[in-house]
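S.K.: A predicted structure for the sequence below; I have some questions about it.
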Amino acid sequence: MLFTPYQLGPITLRNRAIRSAAFENMAYGNAPSQDLYNYHTAVAKGGAGMTTVAYCSVNRSGVSFDGQLYIHEEIKPALKHLTDGIHEHGAKASIQLGHCGNMTHFYTCKCMPVGASSGFNLYSPTIHRALTKEEIKQTVKDFGYAVDFCRECGFDCIEIHAGHGYLISQFLSPYTNRRKDEYGGSLENRMRFMREVLTEVMEHAGDDMAIVVKTNMYDGFKSGLQIDDCITIAKEIEKIGVHALVLTAGFVSKAPFTVMGGAMPIKTLAHYMNPWSFWWLRLALRFVGHLMIPTVPFKELFFLESAKKFRKELKMPLIYVGGIMSRENAETALAAGFDCIQIGHALVKDPDFVNKMQQDEHYHSTCKRSNYCVARMYTLDMKCHECVENLPKYLEKEALKYEEMWYPKNK
Ligand SMILES: Cc1cc2nc3c(=O)[nH]c(=O)nc-3n(C[C@H](O)[C@H](O)[C@H](O)COP(=O)(O)O)c2cc1C
């Protein structure tokens, strides 16, 4: 099943394995780099049906990393080169489009951070203001413009990021949306921004671009969205007619490890952080890091039971993501009624993972979920600790400690 082609809206994937949007932090100076090219072409060569370039902002105010893409004219030739490289190896090219909302800082987005409502975000950490109605309309247009831009760059598919506590998710969640106008209050109102974005996106998609939406099944904390409301949101997305839904969960400013399970290697995170700009945050991390970023037990296929509830309620194509570490995992998800699967960690560890699953039906990823790649990605390019030369001993020890937690050697 995994290695049968799949018709995703107007495009055909050679198989059902998609590299999920996992932020590479390789767009140094906000432009595509040779590293980004090398990584995604390696994933394409490694057999994936489609690879997703992560976390590109539709405008400047939505940028939360210096190594992140945002839509602007100067990057067009390099993105075209990137999609050409992906196509040469027979894979389709997707790009995740979003806006970080309040998950940024003045120094990075070059303006006062904006969100659904005003407030203080402890995780960035920053004060932010609510978008005005005119700015909401402009942001909606920015999403539409970005679709045309990405088509010109050679992308086959767009993934709209509507989860994880970024801007669309900040509008959806009662935790971050305290607006008093027609964009806040009832769930119907909180869905308005998402609906406007997706309607605009579908208009620009025409009949040649595939559109996928990544959305939460739950936010992962008490005052956030729970599963019933998220099913209502998914049904609304279904009505708009996008081609598939990627089911995820978690909220980066409140329940970050709900997204992928496991623990944040705090020493690694603090080690790579710029020592001068965030010295007090490094200090806080050392002492109360695990309270700020709680561990979520990891197991393979960790979202499957929740995702099945969505499968029951929806007719549209669904893409499963979450703890796919082997061919057996992939086939289990597909047999449960999902149309495709997405893979994050296992393709960070090894861009050739899909080929290896094809060659050996019992193949299991060698990634053991230390989440070193995640901690590192906040400051440097995304990489597995086993690919880093001269890794400081204490970071290696930390990675091994977490690996042992999820994949004990004596089991
Ligand atoms: C290093 C790293 C960066 C990530 N960045 C993003 C991102 O930019 N956008 C997103 O939607 N998910 C992001 N994720 C989450 C993954 O796409 C995926 O949903 C999650 O890791 C679960 O899949 P997995 O168990 O196969 O890794 C990231 C994951 C990792 C490991």
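M.R.: Okay, I see it. Numbers count the residues shown, from 1 in each chain.

S.K.: rest of the way, CA atoms for contacts and neighbours
M.R.: Will do.

S.K.: Apart from its neighbours in sequence, what residue is nearest Glu398?
M.R.: Spatial nearest neighbour of Glu398, excluding adjacent residues (Cα to Cα, 6 or more residues apart in numbering): Pro265 at 6.7 Å.

S.K.: Phe155 now?
M.R.: Ala93 (5.1 Å).

S.K.: Spit out the contact partners of the one you found.
M.R.: 50-53, 83, 86-87, 154-157 (Cα atoms under 8 Å, 6 or more residues apart in numbering).

S.K.: The residue nearest to Glu398 contacts Cys373, correct?
M.R.: No. Pro265 is beyond contact range of Cys373, at 9.5 Å (criterion: Cα atoms under 8 Å).

S.K.: So for the residue in the stretch 151-300 of the chain positioned nearest to the ligand, what's the pLDDT?
M.R.: Closest residue of the stretch 151-300 of the chain to the ligand, Cα to the nearest ligand atom: Met260 (4.4 Å). Met260 is assigned 98 on the pLDDT scale.

S.K.: correct me, but it touches Gly323?
M.R.: Yes. In this structure, Met260 is within contact of Gly323 by Cα under 8 Å, at 7.4 Å.

S.K.: Now the residue nearest to Gly224 when sequence neighbours are not counted: which helix or strand?
M.R.: Using Cα to Cα, 6+ apart and skipping the chain neighbours, the partner closest in space to Gly224 is Tyr175 (5.3 Å). Assigned by DSSP states H and E, Tyr175 falls within no helix or strand.

S.K.: Just to check, Tyr175 is in contact with Lys222?
M.R.: No. Applying Cα under 8 Å, one finds Tyr175 not in contact with Lys222, separated by 9.2 Å.

S.K.: Could you count how many residues lie near the residue nearest to Glu398?
M.R.: 24 (other Cα atoms under 10 Å).

S.K.: now swap in Leu400 and tell me
M.R.: The burial count for Leu400: 17, using other Cα under 10 Å.

S.K.: for it, what are its contacts?
M.R.: By Cα under 8 Å, 6+ apart, the residues touching Leu400 are Ser370.

S.K.: Please apply the same query to Gly101.
M.R.: Residues in contact with Gly101 (Cα under 8 Å, 6+ apart) are 61-62, 113-116, 166-168, 170.

S.K.: Next step: the residues you listed restricted to helices.
M.R.: 167-168, 170 (DSSP state H).

S.K.: for the residues you listed, which one is nearest Asn121?
M.R.: Gln170 (11.9 Å; Cα to Cα).

S.K.: Show me which helix runs longest in the protein.
M.R.: With secondary structure taken from DSSP H, the chain has its longest helix at helix 133-152.

S.K.: List of residues touching it?
M.R.: In contact with helix 133-152 (Cα under 8 Å, 6+ apart) are residues 58-59, 71, 76, 80, 95, 97-98, 158, 193, 196-197, 200-201, 203-205, 209.

S.K.: go again using 7 Å as the cut-off
M.R.: Residues from elsewhere that reach helix 133-152 (Cα atoms under 7 Å, 6 or more residues apart in numbering): 58-59, 71, 196-197, 200-201, 204-205.

S.K.: Just flag the most distant two among these.
M.R.: Counting by Cα to Cα, the most remote pair of the contacts of helix 133-152 is Ile71 and Glu196, 19.4 Å apart.

S.K.: Tell me which of the two has more neighbours.
M.R.: Taking other Cα under 10 Å, Ile71 and Glu196 do not tie; Ile71 has more neighbours (22 against 17).

S.K.: In this structure that one contacts Ser57, no?
M.R.: Yes. Look at Ile71 against Ser57 with Cα atoms under 7 Å: they come within range, at 6.4 Å.

S.K.: show me where pLDDT drops low in the stretch 201-350 of the chain?
M.R.: 275-280 (pLDDT under 70).

S.K.: Up against the ligand, what does it have?
M.R.: Within the stretch 201-350 of the chain, the positions near the ligand by Cα under 6 Å from any ligand atom are 259-260, 321-324, 343-345.

S.K.: re earlier: just checking, next helix/strand downstream of the longest helix of the chain?
M.R.: strand 157-161.

S.K.: Neighbouring strands - and their directions - for that next one?
M.R.: Strands flanking strand 157-161 in the sheet, each with its direction: strand 92-98 (parallel), strand 210-216 (parallel) (DSSP bridges).

S.K.: re the thing from before, go through the contacts of helix 133-152 and say which is closest to Phe106.
M.R.: Minimum distance to Phe106 across the contacts of helix 133-152 is 14.5 Å, recorded for Asn59 (Cα to Cα).

S.K.: pretty sure the closest one is touching Ile71, no?
M.R.: Yes. Assessed by Cα under 7 Å, Asn59 is found in contact with Ile71 at 5.9 Å.

S.K.: my guess is Ile341 is in a helix, correct?
M.R.: No. Under DSSP: H, G, I helix; E, B strand; the rest coil, Ile341 sits outside any helix and is assigned strand.

S.K.: Now do the contacts for the closest residue to it other than its chain neighbours.
M.R.: Excluding its sequence neighbours, the residue lying closest to Ile341 (Cα to Cα, 6+ apart) is Tyr320, at 4.7 Å. For Tyr320, the contact set (Cα under 7 Å, 6+ apart) comprises 246-247, 333, 338, 340-342.

S.K.: Among those, which one sits closest to Tyr394?
M.R.: Gln342 (31.9 Å).

S.K.: all helices for the stretch 251-400 of the chain, in order.
M.R.: Under the criterion DSSP state H, counting those that start in this stretch, helices of the stretch 251-400 of the chain are mapped to 266-272, 279-292, 304-313, 327-335, 345-349, 353-359, 372-377, 393-406.
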